[in-house]
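Peer 1: sequence and predicted model, in that order:
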Amino acid sequence: MELKLPPLAETGETLTGAEIAIRCLQEEGVEYVFGYPGGAVLFIYDAIFNQKKVKHILVRHEQGALHAADGYARATGRPGVALVTSGPGVTNAVTGIATAYMDSIPLVVITGQVPTRAIGEDAFQECDTVGITRPCVKHNFLVKDVNELAITIKKAFHIATTGRPGPVLVDIPKDVSQQSARFHYPDKVHLRSYAPVAKGHSGQIKKAMQLLLEAKRPMIYVGGGAVLGEASHEVTELVRLLDFPCTNTLMGLGSFPASDKRFVGMLGMHGTVEANMAMQNCDVLLAVGARFDDRVIGNPAHFAAGSASRKIVHIDVDPSSISKRVRVDVPIVGHVKDVLTELLALLKAAKEKPDAAALAAWWDQIGAWRAKDCLKYDRASKIIKPQFVIEKLWEITKGGAYVTSDVGQHQMWAAQFYRFDKPRRWINSGGLGTMGVGLPYAMGVKLAFPKADVACVTGEASIQMCIQELSTCKQYHLPVKVLNLNNRYMGMVRQWQEFFHGNRYSESYMDALPDFVKLAEAYGHVGMRIEKPADVEGAIREAFALKDRLVFLDIITDQTENVFPMVPGGKGMSEMILAEDL
Amino acid sequence: MRHILSILVENEAGALSRVAGLFSARGYNIESLTVAPTEDETMSRMTIVTTGSDEVVEQITKQLNKLVDVVKVVDLSEGRHIERELMLVKVRASGKDREEMKRTADIFRGRIIDVTDKSYTIELTGTTDKLDAFLEALDKGAILETVRTGVSGIGRGEWVLKA
Ligand SMILES: Cc1ncc(C[n+]2csc(CCOP(=O)(O)OP(=O)(O)O)c2C)c(N)n1
Ligand SMILES: [Mg+2]
């Protein structure tokens, strides 16, 4: 890669590779490194030991390090940093790297490697890190020369945080971390082969404005790109200015306030009737930082057929997200924030206004879909309903908590019932759907925002995938609140088996569960079991009142509850199963 | 549809595997792939022949452009271009067939570059079509071994692909 180096500072100190690595992190303003030591990174751990600026968080499993760094990045918008050793350290980290990659989260992952002379000899704890991680990183590097280390780390931060963000890995052989070089950290890097587009095409933005003004049945569909691109302010202004309906994807929740009446809820496989029907039937669709994925629009052919004359405007920073699954009419490649700013200026200056009568009729239609009340559940139940728990959590935290989740039914209920008004508050694995992220995500968030309420909504199966991190929470005093929606089932698996596999609950029952209360206590935390609906509110209040303790609420919920609505895999968006259909 | 993609990549270890990995991970076809350094030794140039609908080839181009090591991608088949492939064929050439074999090679402007009393090794360059036609013109049983480089392509006229 060609780069224009600024003149080398004559005074550059001579440092070891390990010291250089840590100095680079300091220069980048990195607060926390999540990691786990081992042979190949011992020099780097020495360098960590000798300084105070960058704080190291010792996790209990490398997967936890990656997820915690990822959670930190999702909540703050700053890159998360993780450090692991070669071989098994790397392979343990892969799930976390892939999770971040699928959701475009900026991470810089530093990995130790066996000494350069041993590479390729099947040395102890050697693995082809660059090869193993290549398909799940935005980019990766193997640094073979200590003189290249600082510039490589600079490139890693640059690539991770610009354009469509993503994880970047820097593999450092042990001898490179031991050798010395002059340290100079450049302010800037230029890569001729990497120049993400920033500014959207003005002509295209004009076309988009025209389409929006002509719409009779408009819809605004906002995804995780609006969160990553810090565009929620512009999204909100646009939706309110036009008075159009707005939906968010699972990854976009919070980019438009859920409390606004123009919000029609999340869309997709477990989206609301009003969101999915409006998507299917609109005549002009504005997609912002979203990618029309399978869990969102279901079957693309069915979607395309839904409204033959539908025109689609798609704004995204990544050209490859545009026209990948759905042909769009007005593609706009650029930073969503900048494009929306330009679009807003045009709309405000335009003489035409949207057709008020058509819009009123469209809102009536949406009102009729809304009246289905597709998220209703049995509020009089004597068994705790999971939806009720989330509603209480929302109420008690006044909608202002950071909510992390794992993967399964509980995740969908959290997404549906915790009404996020702000971006970066809803922290979950949307793309890879990785069970086990919830607790380490909460750790990363709590470190970033020690004063904020942080809740981890999880299930009894998911929480056991990274339960060891309860120990990390103890060590670093991370008083997050775990809400374990314990249905004694891999509920989402059970739901699919109920719907599509003739009630054959093959291996989805969670037998031999631990006593979570005792388990929490064994790790030095507070545990509580809640079995009655009447006790839910008090328990959640108590948990948040215990400001400096991690509280694990083991909430025994209805085993038979299912997530509705549901668009079965491969079906169209309007082919939803509702609770009342069964 | 057949497309010929010309790609400039950084001459970095691993650049080839990133490109090849992209094709296999996303299920794109590779009919042939050639790569070698260019006049600027910091870069290599690849020619990839692929097939797919226009939508698929558009995605391939976008995905290639996203790779950090990829400097430039063009679809040569969108414009006027020249493509060439080199093939070496070892054929049976004994007795009365020996003369006939030489004549066939001549017709295709092939050159005989190695000889034994029972065989010829013929060098042939041209489009993929022409090389295929040559092989078809030979008696199947006469072909002992073939090796082809895959297509290299370049745009016609003064236009050049550069970083
Ligand atoms: C690492 C991993 N393995 C398997 C799955 C498939 N999977 C999706 S949801 C689920 C069950 C989750 O159970 P639980 O955590 O109890 O949540 P619930 O659905 O019961 O709320 C499984 C196994 C996954 N998403 N991630
Ligand atoms: Mg469960």
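Peer 2: Arrived safely, thanks for sending. Ligands and ions are numbered 1, 2, ... in the order given.
Peer 1: list the contacts for the closest residue to ligand 2 within the stretch 101-250 of chain A?
Peer 2: Per CB to the ion, residue A:250 is where the stretch 101-250 of chain A lies closest to ligand 2, at 18.6 Å. Just so you know, the C-beta spots here come from the backbone N, C-alpha and C atoms, and that holds for glycine as well. By CB atoms under 8 Å, 6 or more residues apart in numbering or on different chains, the residues touching residue A:250 are A:266, A:268, A:295, A:415, A:428, A:430.
Peer 1: is the helix or strand bottoming out on mean pLDDT in chain A anywhere near chain B?
Peer 2: Least confident helix or strand of chain A, by mean pLDDT, DSSP states H and E, is helix A:300-306 with a mean of 93. No - figure legend: helix A:300-306 not in contact with chain B (CB under 8 Å from any CB of the partner chain); closest approach 11.2 Å.
Peer 1: separation between residue A:194 and residue A:142?
Peer 2: Residue A:194 is 18 Å from residue A:142, where distance means CB to CB, to the nearest Å.
Peer 1: quick one: the helices in chain B, in order.
Peer 2: B:15-25, B:54-66, B:97-107, B:128-137 (DSSP state H).
Peer 1: mean pLDDT, mean neighbour count and distance to residue A:497 added to those, as JSON lines?
Peer 2: Output for those, formatted as JSON lines (pLDDT from 0 to 100; neighbours: other CB atoms under 10 Å in any protein chain shown; distance: least, CB to CB, whole Å):
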{"stretch": "helix B:15-25", "mean pLDDT": "97", "mean neighbour count": "17", "distance to residue A:497": "30"}
{"stretch": "helix B:54-66", "mean pLDDT": "97", "mean neighbour count": "18", "distance to residue A:497": "35"}
{"stretch": "helix B:97-107", "mean pLDDT": "95", "mean neighbour count": "15", "distance to residue A:497": "65"}
{"stretch": "helix B:128-137", "mean pLDDT": "97", "mean neighbour count": "15", "distance to residue A:497": "51"}
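Peer 1: out of those, which gets nearest to residue B:121?
Peer 2: For those, the distance to residue B:121 is smallest for helix B:97-107, at 10.3 Å, taking CB to CB.
Peer 1: pull the residues that contact that closest one.
Peer 2: Around helix B:97-107, the neighbours that count as contacts under CB under 8 Å, 6+ apart are B:91-93, B:110-112, B:120, B:122, B:124, B:134, B:137-139, B:142.
Peer 1: can you list the weak-confidence ranges in the chain?
Peer 2: Defaulting to chain A. By pLDDT under 70, the weakly predicted segments of chain A are A:1-11.
Peer 1: which single residue in it comes nearest to chain B?
Peer 2: residue A:320 (3.8 Å; CB to the nearest CB).
Peer 1: can you tell me how far that residue sits from residue B:24?
Peer 2: Residue A:320 sits at a distance of 17 Å from residue B:24 (criterion: CB to CB).
Peer 1: check residue A:474 too.
Peer 2: 44 Å.
Peer 1: pretty sure residue A:105 contacts residue A:164?
Peer 2: No - counting by CB atoms under 8 Å, residue A:105 stays clear of residue A:164, with 10.6 Å between them.
Peer 1: between those two, what contacts are shared?
Peer 2: Contact with both residue A:105 and residue A:164 is made by residues residue A:228, according to CB under 8 Å, 6+ apart.
Peer 1: looking at the two now, which is surrounded by more residues?
Peer 2: With neighbours defined as other CB atoms under 10 Å in any protein chain shown, residue A:105 and residue A:164 compare such that residue A:105 has more, 27 against 19.
Peer 1: need the contact list for the more buried one.
Peer 2: A:70, A:73, A:74, A:80, A:99, A:165, A:166, A:167, A:228.
Peer 1: helices - which of the residues you listed land there?
Peer 2: A:70, A:73, A:74, A:99, A:228.
Peer 1: centre of the chain to stretch A:328-339, how far?
Peer 2: How far stretch A:328-339 lies from its chain's middle: 21 Å, per CA atoms, centre = their mean, to the nearest Å.
Peer 1: how about it as PDB, C-alpha atoms only?
Peer 2: Extracted in PDB, the C-alpha atoms of stretch A:328-339 (Å, rounded to 0.1, in the frame of the first residue of the first chain):
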ATOM      1  CA  VAL A 328     -33.500   0.600  -6.500                       C
ATOM      2  CA  ASP A 329     -34.400   3.500  -8.700                       C
ATOM      3  CA  VAL A 330     -32.400   6.300  -7.100                       C
ATOM      4  CA  PRO A 331     -29.100   5.000  -5.500                       C
ATOM      5  CA  ILE A 332     -27.200   7.600  -3.500                       C
ATOM      6  CA  VAL A 333     -23.800   6.600  -2.200                       C
ATOM      7  CA  GLY A 334     -22.500   8.800   0.600                       C
ATOM      8  CA  HIS A 335     -22.500   9.400   4.300                       C
ATOM      9  CA  VAL A 336     -26.100   9.200   5.300                       C
ATOM     10  CA  LYS A 337     -25.800  12.300   7.600                       C
ATOM     11  CA  ASP A 338     -24.400  14.500   4.800                       C
ATOM     12  CA  VAL A 339     -26.900  13.200   2.200                       C
END
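Peer 1: ok, and what's touching stretch A:542-552?
Peer 2: So stretch A:542-552 is contacted by A:396-397, A:453, A:470, A:473-474, A:477-482, A:484, A:516-517, A:519-520, A:525-528, A:553 (CB under 8 Å, 6+ apart).
Peer 1: kindly apply the preceding question to stretch A:440-454 instead.
Peer 2: Applying CB under 8 Å, 6+ apart, the set of residues contacting stretch A:440-454 is A:31-32, A:34, A:57, A:59, A:63-76, A:80, A:397, A:400-402, A:404, A:427-428, A:455-456, A:466, A:469, A:472-473, A:476, A:478-482, A:544.
Peer 1: at 6 Å what do you get?
Peer 2: Outside stretch A:440-454, the residues that touch it by CB atoms under 6 Å, 6 or more residues apart in numbering or on different chains are A:32, A:64, A:67-68, A:71-72, A:75-76, A:397, A:401-402, A:404, A:427, A:456, A:466, A:469, A:478, A:480.
Peer 1: now do the contacts for the residue in chain B that chain A sits nearest to.
Peer 2: Residue of chain B nearest chain A, by CB to the nearest CB: residue B:62 (3.8 Å). With contacts defined as CB under 6 Å, 6+ apart, residue B:62 is in contact with A:319, A:320.
Peer 1: distance of whichever residue of chain B sits closest to ligand 2 relative to ligand 1?
Peer 2: For chain B and ligand 2, the shortest gap (CB to the ion) falls at residue B:25, measuring 32.1 Å. Residue B:25 is 20 Å from ligand 1, where distance means CB to the nearest ligand atom, to the nearest Å.
Peer 1: tell me the contacts of that residue?
Peer 2: Neighbours of residue B:25 in contact, by CB under 6 Å, 6+ apart: residue A:135.
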